[in-house]
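[1] Any chance you could fold what I've pasted below:
(3 chains)
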Amino acid sequence: MSDAVLFEGVTFTYPGAPAPVLAGVELELAAGSFVLVAGPTGAGKSTLVRAVNGLVPHFSGGTMSGRVSVHGRSTTEQPPRRLADLVAFVPQDPGAAFVLDRVEDELAYVMENLGVPGAVMRRRVEETLDLVGIEHLRDRSVTTLSGGERQRVAVAAALTAGPRVLVLDEPTSQLDPQGAEDVLAALQRLVHDLGMTVILAEHRLERVLGFVDVALACPGDGRVVAGSPRRAMDVLGSGPPVTRLGRRLAWDPLPLTVRDARRRAADLSLVPPAAGPPAAGEVVLEARRLRASYGERTVLSGVDFTLAAGEIVALMGRNGAGKTTLLRCLAGLHAPASGTVSGRVGPPVAGRDVALCPQTPESVLFRDTVGGEIDATLGAHLGGQGRDGVLADFGLTGLAARHPRDLSAGQRLLVATAAIAATGAGVLLLDEPTRGLDLEAKERLCAVLELKAGRGEAAVFATHDVELVAELATRVVILAGGEVIAAGGPGEVLGDSPVFAPQMARVFGPGWLTPEQVATALGVEARA
Amino acid sequence: MHPGAWFVWALAAGAVAVGTTNPFYLVLLWAVSWTVYALCRRDNAGGDAWRIFVVFGLIALATRTALVFFGPVDAGSVVAAALEGLRLATLLVVFGTFNAVTDPFAVLRLAPRRWHEPALAAALALSIAPRMISAAGQVREAQRLRGIKVRKLAALPAVVVPVLATGMEEAVTLAESMDSRGHGRGTRTRYRPQPFAARSFAVTLGAFAAAGAFVALGVAGSGDATYQPWPLVWPGASAWMVLAVAALALPAAVPSGPREGGGAG
Amino acid sequence: MRTRPLRLAALVAANVLGVAAFAWPFLLSEARGGNAHSWDAPLVTGALLVLLAALLFVELGRGGMGPKSVALIGVLGAAMVALRLPGFVAGFSAMFIVVLVAGNAFGPGFGFVLGAVGTFASGMFVGGLGPWLPFQMVAVGWVGMGAGLLPRRTGWPLRIGALALYGFAAGYLFGALINLYFWPFTVTSGPLGYAPGSGAGLNLAHYAHFYLVTSAGWDTFRAAGNIVLVLVLGRPLLGALDRAATRMNFQVTQAPPGAHNRVASRPGGRGARLRKELARRGKSGLRRAGRWGKSQAG
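    Below is the predicted model of the structure:
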């Protein structure tokens, strides 16, 4: 069988970039592989997957040498539309990529463009609806779909042309864990049942490592190293918590999944860690018996919530559980049907006592420079800590003169968060701040929040990212159906939950949160 | 029903409206439009828009009537002006009904091959617009939390620029997605073209016949289609022409087929 | 392939026909019409709609817009739809700012298509389909086309100033054009009415009088609104569109093996190349410099 995808000496430089993002890449991918492309932001993941269907260079510009071919057809010489019958591409944000309004029409769009006869189109649409498991969505408007449904519809819309290679750019980064699971299961079915080659760029490694059989590592120097997922983790020096732990403890082979790690850790015995003392700071925000509704629909029913100075509270729960509404009530943006919200003195005033970052904070950026963006806020809040101080807190000092929309997604999020937090409010609320962020950007955000908490400020963030909660939160509140079903330290709340437990708790039992914590504990035991 | 049939119906009713100043026919056409609107409108939308059309129609009527006071005034000229206003108002109501009964996306799918791309752009605009409106609301709120006084004119860029800039970024994604899915390769086929079934056929024929009969009778001079209110006496009306106008209510009378109903097109 | 002059001639002819569709009461006013027949109205309206359809067919149906133009017009058209709804004060409509700015940023051809398509979409969105729609599409299209003919390579003050003045004038011209579609049928008597057979001069005077009485006040809101919006939003929006134009227009260079970084790749001139591409319609922006890296037989 021929190679599905072949890179021969591919070197590519974006317009105006000082160095190539891909340098002399040689790759052979066999048909029927499930391929992960991993690496930090800006290291060429996205470039690599886009070169497979010709969006690079045809939609990016730049300088290219070498040759990319898919089943023998060159993607550098033909624009993406000429390859639509062979390679399908699903972008990171399929919501912006839908062309038609109805799901069924969206599925047929590519076939219409390819001139497929009507009867064939009809049959393939039905088959694809079943294959991806979205038959129930056929008459829906694409604007009403949830994130996971959108992603699966986008996959289905790419598949009806009968491509042999499917390329996805960060398909699960915007999804909650269940949505991600659904999408990955659907992709795995394509590989197993149809022998399709699936290539996905992803930074949520803990989600995908269990599925893929080949990994391409982009370490950031223009190289692309192909091999087993384990080899890729070696090259990148990163990975999910179990891998990081394995590296610290010099385990060989390196564990990639909780199952690997559990097998290796069977002979280790750890004393369950003691829960830390509860935070005893001054209460800065308090909600009592909060009820809230949108029209007829009750979203919060009797929620009690307290936030003390120095706390970083994680708000978890499935989509629709009331996380966003609780944040909006705390910020005074949504008037509760009953119950009270109080700050240090009286009800909190949004923008003075409380700052809220919405789900897409980068949508507030409107100035030409990062510095100007901070000034736009400070101009209204002369009591703030000053532009340079804000930039320094967020590690943005070097970017002050850049255009915000030229920055990476992670940097943009930091700029927007800085612009919103620059009001000087002592409480920062963030609604899913790490959606679509890579590890590095996440660490930066963690550092900012910990810095602020250390100063006696406080933060609440809604998230699905269990490992982030394990790293960062001092307390966790879990919502379901508009009620608080669990609250407390992350060790006790997350530890024995089948859904919310972090990898360390799954390997070592309740209470364990981060690889660093486990490594330290093991180190102490070894000495004792 | 096929949007093409609705299109023919609206053209026929519009031709009747524009072709007469006789208040009997015009008022009857209002009644016909209302009946069709009430029985055939789509569930999800259009109701409010129809009422707005009625309001605009009444404004047009009042304005036209008021204009008469710029010339020599007599009772006849006031009535003539009011009837010309009523004619414009009737046209508005007819098309108000057309808008309430058709699905915009289905109308756009009728675009001939040459207009495929502009029609697609219009369909995109229609589906992106609601997203943009809610994005503008969110941006406005977020900027308010930053202390930007969003009610001030000078703060308009703070709301409009992010929405447009984000939109431009999405346009790049959209263009990539379209190209990746073969847009612009040339040969195109159409998925599930809307069936032009018996009901649509009947309405098309009926509307043609009714408008044709009305215009033919009017041109022949019967039934006071063109009413001159000097002297100011009630105009006559032809029973056949009344019947022709009433026949335009046909869409409300034919039963909807199982595959054709609803707004899905 | 048709040559550019031919295409230009077709465009000019189509636009002249479009002007005729609006201006017929003056052009045909010498003709002896006798009494106005009420049957003239549907016939003439039908004929006019055919003329406008011909214009739109030539302008919009040239084919090969390509995904970039379709996507841009979709997004900017959505902005027109969204802006048509709020701030509906008399003749004022915020949607004109989009046409003015995008026409200016991307050129006259794009301006016309955006104006026409955006008006159509907003007509559908608010449920405003009717015989008036082709007139509105063409009139808004012309507003966008005019904005594209204004200077855009000058400094900001001149660019914004010219656009603001143009927006002011366009506010009135648009209203004066649009009223023409019903005036000849709806006002058929008196000193404000259409008088067939009475000459272009008298009819222009009648129409001017009619316009001043019924619409000038209404349209002042639109003209003033255009000025204010261009002054407040013009520069940041043009900045955002120019950036988008730069992102969407690029050039691919194929470096010969072993000389990867030899060829510089970024063309200058914000938006200039995209405009060229939009004007060329359908030709891919791909331009190859240098030789292909490998033999194609790979």
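[2] for the stretch 151-265 of chain B, which spans come out with low pLDDT?
    Where the stretch 151-265 of chain B drops to pLDDT under 70, the residues are B:256-265.
[3] Those residues of it touching chain C, which are they?
    B:153-154, B:156-157, B:160-161, B:163-165, B:167-172, B:174-176, B:178-179, B:183-184, B:215, B:218-219, B:225-226 (Cβ under 8 Å from any Cβ of the partner chain). Using the backbone N, CA and C atoms, a C-beta is placed for each residue, glycine as well.
[4] What subset of those residues is buried?
    The neighbour-count criterion (16 or more other Cβ atoms under 10 Å in any protein chain shown) marks B:156-157, B:160-161, B:163-165, B:167-172, B:174-176, B:178-179, B:183-184, B:215, B:218, B:225-226 among those as buried.
[5] Which strand or helix spans the residue in the stretch 1-150 of chain C that chain A sits nearest to?
    Among the residues of the stretch 1-150 of chain C, residue C:67 lies closest to chain A, at 7.8 Å counting by Cβ to the nearest Cβ. Here residue C:67 sits within helix C:66-84, counting by DSSP states H and E.
[6] Which strands or helices does the longest helix along chain B pack on?
    Using DSSP state H to define each element, chain B has its longest helix at helix B:116-145. Under the contact criterion of 3 or more Cβ pairs under 8 Å, 6 or more residues apart in numbering or on different chains; DSSP states H and E, helix B:116-145 touches strand A:354-357, helix B:104-108, helix B:156-180, helix C:66-84, helix C:108-125.
[7] for the record, mean pLDDT for that helix?
    Averaged over helix B:116-145, pLDDT sits at 90.
[8] Measure how it sits relative to helix B:156-180, angle-wise.
    Angle of helix B:116-145 versus helix B:156-180, following axes from the mean of the first three to the mean of the last three Cα atoms, to 10 degrees, is 140 degrees.
[9] Going by neighbour count, list what's buried in helix B:116-145.
    So, applying 16+ other Cβ under 10 Å, buried residues of helix B:116-145: B:116-129, B:131-133, B:135-136, B:138-145.
[10] And for stretch A:456-464?
    A:457-464.
[11] And the pLDDT for residue A:220?
    So, for residue A:220, pLDDT stands at 89.
[12] Same question for the one 10 residues further on.
    Per-residue pLDDT puts residue A:230 at 90.
[13] Count the residues that sit near the residue lying closest to it once chain neighbours are set aside.
    Counting by Cβ to Cβ, 6 or more residues apart in numbering or on different chains, residue A:254 is the residue found nearest to residue A:230 once chain neighbours are left out, at 5.5 Å. Each residue near residue A:254 was counted by other Cβ atoms under 10 Å in any protein chain shown, and the total is 21.
[14] any idea which element residue A:254 lies in?
    Assigned by DSSP H and E, residue A:254 belongs to no helix or strand.
[15] which residues sit in contact with it?
    Counting by Cβ atoms under 8 Å, 6 or more residues apart in numbering or on different chains, residue A:254 touches A:230, A:233-234, A:239, A:243, A:246-247.
[16] got a winner among those residues for most neighbours?
    Within those, most neighbours by other Cβ under 10 Å means residue A:243, with 28 neighbours.
[17] tell me which element that residue is part of?
    If you go by DSSP H and E, residue A:243 is part of helix A:241-248.
[18] coming back round to it: ok, and which of the residues of the stretch 151-265 of chain B next to chain C reach chain A?
    B:157, B:161, B:163, B:165, B:169-170, B:172, B:174-176, B:178-179, B:183-184.
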